[in-house]
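K.L.:
After the sequence you'll find the predicted model.
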Amino acid sequence: MKQFLANIYPLSMGLSMALILVVFVVACSENKFDLSKAQITTHQIDSLNTLISEQENADIEIVKRADSLFKLSLALGYEKGIAESASQKIRLLRKDYQYDVALQFITESMELLHEINDPFYQVMVYEEIGLLYLDIDDFDQAYSYLTLAFTYYEKNNKLKKKSYILSRIGILFKNNDLKKSKEYYQKSLDISIEINDSAGIARDLNNIALIYQKQKTFDTARVYYKQAMRINERTGNWNYYATNLLNLANIEKQNDNFEESIKLYTQLTYAFDSLNEKNKYALVLLHLGEANLKINNYKKAISYFAIADSLGEKFNFTSIERNGNWGLYYCYKQLGESDLAIKYLEEQHKLDDILRAKRNYQELTRLELQFKNDQLAKQKMWDQQKQKFILYFALALLLFFVAFLFQLFRKQKLKIAKEKLEHKVLQNELDGKERELTSFVLNMIRLNEKKVGIITYLKKQRPRLKMENHDVIDTAIRDLEYDQDAQVWEEFEMRFNKVNSEFYQKLAARFPELTLNEKRLCAFLLLNMTTKEISSITGQSTEAIGKARTRLRKKLGLTNHDESIAAILSSL
C-alpha cells in the first residue's frame, strides 16, 4: 500500500501541475479573468502550495513547480499565492544549498514582494529570506528579517512561530555571542514547554546542547542531546534524531574517542541514506574520513573522502567536495604518493577558487539586494513624505478655504446687516413719510370739511345780506373753492410721490389710457381712502366719485366685483 501511494503521489502532483499550467495559458490569453475561473485556479494554487510545503527535500522539478505557481499567482494578482509560492521557492533553494539562485530570485522579485499588502503573507516571505541570510552567515540582514517576523508573531500571539524565530535568532548569535545565543534558546524552550510542542522542545534542547558543546562542557551537552533524542524517538522525528546523534558523535571526536565516534558516524550513514539526506550523508562521510585519519587508518579514510568527494561533485556540494579533496591530498601525502597528493591538492585549490567566486557572487547579489532594499526604503520614505506634504498642503488649503469662507461669510453678514440697517433706515424714513402723508391727508380732510362748511354757510347767508356785500361773499367763496381744488392737490401729490416715487410711472406704463383725474383717484384708492374722504379732498360729490370708480374698474379690466382696485394698484 505504501509503495502504491509513493508511486501515485508524483503522478497526482504532475497531473495537478499540468492542469494549473493549462489554466495559466488560457487565462493569460484572455484580456479579462472570469471570476469563477479565477476562484477555481486560486484553489488549485493553494492545494499545490500545500503539497510543495510538505516536501522536505528539494529537487529541480519541485522548484520549477513553485516557480510556476509564483508566476501564475502574479498573473492572477493572487497575493496569498504569490507569498506562499515565493516563500516555498526560497525554502527549497535554501534546502538544496542553491543560495546564489535564491538570492537572485529575491533580488528580481523584491519589489513585487514588498507590494504584498497583507502583513501575514509579507511576514511569511520575510521569514524565509531571514532564514536564507542565516544560512549564508549574513548577520545584519538575517537579524533584520527575522526580527520583522518575530515582531509580527509576538503582536499576534503566534507562540509556536515566535518560539521558532527565537531559536533561529539564537543560532544567529552562536558564533559571536554564546551568552545571548543561549538566552534566545532558553526563551524559545520556555515557550515550547508552555504550549507542549514536542518538536520545539527537542529542537531547543539540541540547540542549548550545542552551546555547552562549544564551551566544551561535554557532559552537560550529552544530557541535553539525549533528552532531545528521547523526544524525537517517541514522536518518530527521525531526521532530528539523526541530527542529535551526529552531534553526539562530534563530541566523541572532539574528545579523541575516535573508535566510538566512528561507530556513531557509521550508524548515521545508514540513517541519513535512508532519509535521503544527501548533504548530511556526505558530511558524515567526511567525519568518518577525519576520524580514521586521526588514527592513521589512511586507506579507510581515503575510501570515505573519495565517496564524499564524488557526492559533492554529483550534487554540487562544493564545500564537501573541497574538503574531500583536502582529505585525499593529506592521506596520499602521508602515504608518500606524491602524484596523487598533488592531483588532489590542485583540485582543492580549484574548488577553493570556485568557493571564493561563489562567495563573491553571493556578496555581490547580497549587496545588490541590499541596494534595492535601500532604494525601496528611500522610495517608501519619499512616498510617505510626499503623502505628508500632500496632506499638509491639503490641510493648509482647507484652512485657507475655511478662512476665506469665514471672511466671505463675515463680509456677507456685514453686508446683510448693513443692508438691513439701510433698509430699516429707509423703512423708518418711508414710515415717517407715510405718517406725514396720512397726517396731511387727515388734516386736509378736516380743513376741507371746514372750508366746505364755510362755503355752505356763506352761500346760505348770501341772500340775507345786502346787495353791495354779495360781491365780497362771491369772491370769498371763489377763493375758498380754488384753494381747495389746486393747492390741496399740489400739496398732496408732492407728499404722495415721496412715499410712492414710481407709482405714476408704473401706472402709466401698464394703463396708458388713464386720465389725470383717474390717476389721482388711483392714488387716493392706493391709500385705502373712502369715497367720502376722497370727496372731501377733491370737493366732488360722493356720487361723482362713485361713478368715477366704476369707470376706473372698467379701464383696469376688473370684471369680478370681489376684486378690489386697491389690490391691483398695490401689485404695482
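P.N.:
Received, thanks.
K.L.:
helix or strand for the spatially most central residue of the chain, which one?
P.N.:
Of all residues in the chain, the one closest to the mean position by C-alpha atoms, centre = their mean is N117, 8.4 Å from it. In this assignment (DSSP states H and E), N117 forms part of neither any helix nor any strand.
K.L.:
Return the backbone torsion pair for it.
P.N.:
Here is the backbone geometry of N117 (degrees, to the nearest 10): phi -90, psi -40.
K.L.:
Give me the neighbour count for the closest residue to K459 other than its chain neighbours.
P.N.:
Leaving aside its chain neighbours, K459 sits nearest to I477 (6.6 Å; criterion: C-beta to C-beta, 6 or more residues apart in numbering). Using the backbone N, CA and C atoms, a C-beta is placed for each residue, glycine as well. I477: 16 surrounding residues under other C-beta atoms under 10 Å.
K.L.:
do the same with L526
P.N.:
18.
K.L.:
For the nearest residue to it once chain neighbours are set aside, which residues are in contact?
P.N.:
Once flanking residues are discounted, L526 sits nearest to L569: 4.7 Å by C-beta to C-beta, 6+ apart. Residues counted as contacts of L569 (C-beta atoms under 8 Å, 6 or more residues apart in numbering) are 507, 522, 525-526.
K.L.:
and I201, which of the three is it?
P.N.:
Using DSSP: H, G, I helix; E, B strand; the rest coil, the structure places I201 in helix.
K.L.:
Following element in sequence after the one helix or strand F409 maps to, please.
P.N.:
Here F409, judged by DSSP H and E, is contained in helix 338-461. Using DSSP H and E, the helix or strand that follows helix 338-461 towards the C-terminus is helix 470-482.
K.L.:
what mean pLDDT does that following helix have?
P.N.:
If you average the pLDDT over helix 470-482, you get 73.
K.L.:
for stretch 496-511, same thing?
P.N.:
Averaged across stretch 496-511, pLDDT comes to 79.
K.L.:
What residues of it count as buried?
P.N.:
Under the neighbour-count criterion of 16 or more other C-beta atoms under 10 Å, stretch 496-511 has 496, 499-500, 503-504, 507, 511 buried.
K.L.:
Endpoints of it, how far apart?
P.N.:
19 Å (C-alpha to C-alpha, to the nearest Å).
K.L.:
Show residues contacting stretch 201-213.
P.N.:
The contact list for stretch 201-213 (C-beta under 8 Å, 6+ apart) reads 163, 167, 170-171, 174, 178, 181-182, 185-186, 188-189, 192-193, 218, 220-225, 227-228, 231-232, 235, 237, 240, 243-244, 247, 250-251, 254.
K.L.:
I meant stretch 128-136, not that one.
P.N.:
86-87, 90-91, 93-94, 99, 102-103, 106, 141-146, 148-149, 168, 171-172, 362, 366.
K.L.:
So which of the contacts of L569 are in helices?
P.N.:
If you go by DSSP state H, those have 507, 522, 525-526 in helices.
K.L.:
re the thing from before, touching, the residue nearest to K459 and Q461? I think so.
P.N.:
No. Applying C-beta atoms under 8 Å, one finds I477 not in contact with Q461, separated by 10.8 Å.
K.L.:
can you count the residues close to the nearest residue to G81 once chain neighbours are set aside?
P.N.:
Counting by C-beta to C-beta, 6+ apart, G81 lies nearest to S73, which is 3.1 Å off, once chain neighbours are set aside. Look at S73: counted by other C-beta under 10 Å, it has 23 neighbours.
K.L.:
so A149 touches Y126, yeah?
P.N.:
Yes. Between A149 and Y126 there is a contact under C-beta under 8 Å: 5.3 Å.
K.L.:
Please identify which of these two sits among more neighbours.
P.N.:
A149 (26 against 22).
K.L.:
and the more buried one, what is it in contact with?
P.N.:
Residues near A149 by C-beta under 8 Å, 6+ apart: 123, 126-127, 130, 161, 165.
K.L.:
Could you report the separation of it from L159?
P.N.:
Computed as C-beta to C-beta, to the nearest Å, the A149 to L159 distance reads 14 Å.
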